[in-house]
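> Quick one, fold the following:
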Amino acid sequence: MADLDPVRRLRIMAESIPGATYAEQVFDNTFSEVWAIASDLETELPMLLTDVRTMRITRSDGEHLEAKAIGRLGQRARFDIVMRPGWCWMQSRFLHGGLAATATSKGTRVAFTGALRLPGMALATP
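Numbers count the residues shown, from 1 in each chain. Take a look at the predicted model:
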């Protein structure tokens, strides 16, 4: 799977997670313009996800990050994150989330996925 572009890799991961949602869109902007916004988890992620009030990076070790998120209703979560150029995978105790981007001849293709991470989720999803 290492030779796949990040968006294709994210699509495969989303298909393997029961109940995951997946969205993909091409933007006219360059990859560097898009990824500068998409990878800014502290500023931009709360603007993109209405359920997230704040996201703060609490630890950084190369491509591995840890973050604390606070939701709109005050719920709190710690996320383990892998951040690479064009790739972000976030996982908390109860959530999976991913973001990927790749340059195309027409701009930048961006994908996003999210899913609950609950015991028995596979049984609840047809």
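
> who does the strand or helix carrying A100 pair up with?
Counting by DSSP states H and E, the element that carries A100 is strand 95-104. Based on DSSP bridges, the strands next to strand 95-104 in the sheet, each with its direction, are strand 87-91 (antiparallel), strand 107-116 (antiparallel).

> which of the residues in it are buried?
Neighbour counts using 16 or more other C-beta atoms under 10 Å place 95-102 of strand 95-104 among the buried residues. Where you see a C-beta, it was placed from the backbone N, CA and C, and this is true even at glycine.

> So which of the strands paired with strand 95-104 is nearest F27?
strand 107-116 (5.1 Å; C-beta to C-beta).

> So which residue is dead centre in the protein?
Most central residue of the chain, judged by C-alpha distance to the mean C-alpha position with C-alpha atoms, centre = their mean, is G98 at 2.4 Å.

> name the helices or strands packed onto the longest helix along the chain?
Here the longest helix in the chain is taken by residue count, with DSSP state H as the criterion, and it is helix 6-16. Helix 6-16 is packed against strand 21-27, strand 87-91, strand 95-104, strand 107-116, with contacts defined by 3 or more C-beta pairs under 8 Å, 6 or more residues apart in numbering; DSSP states H and E.

> the inter-axis angle of it versus strand 107-116?
Using axes from the mean of the first three to the mean of the last three C-alpha atoms, to 10 degrees, the direction of helix 6-16 lies 20 degrees away from that of strand 107-116.

> by how many degrees do helix 6-16 and strand 21-27 diverge?
Interaxial angle, helix 6-16 versus strand 21-27 (the same axes, to 10 degrees): 160 degrees.
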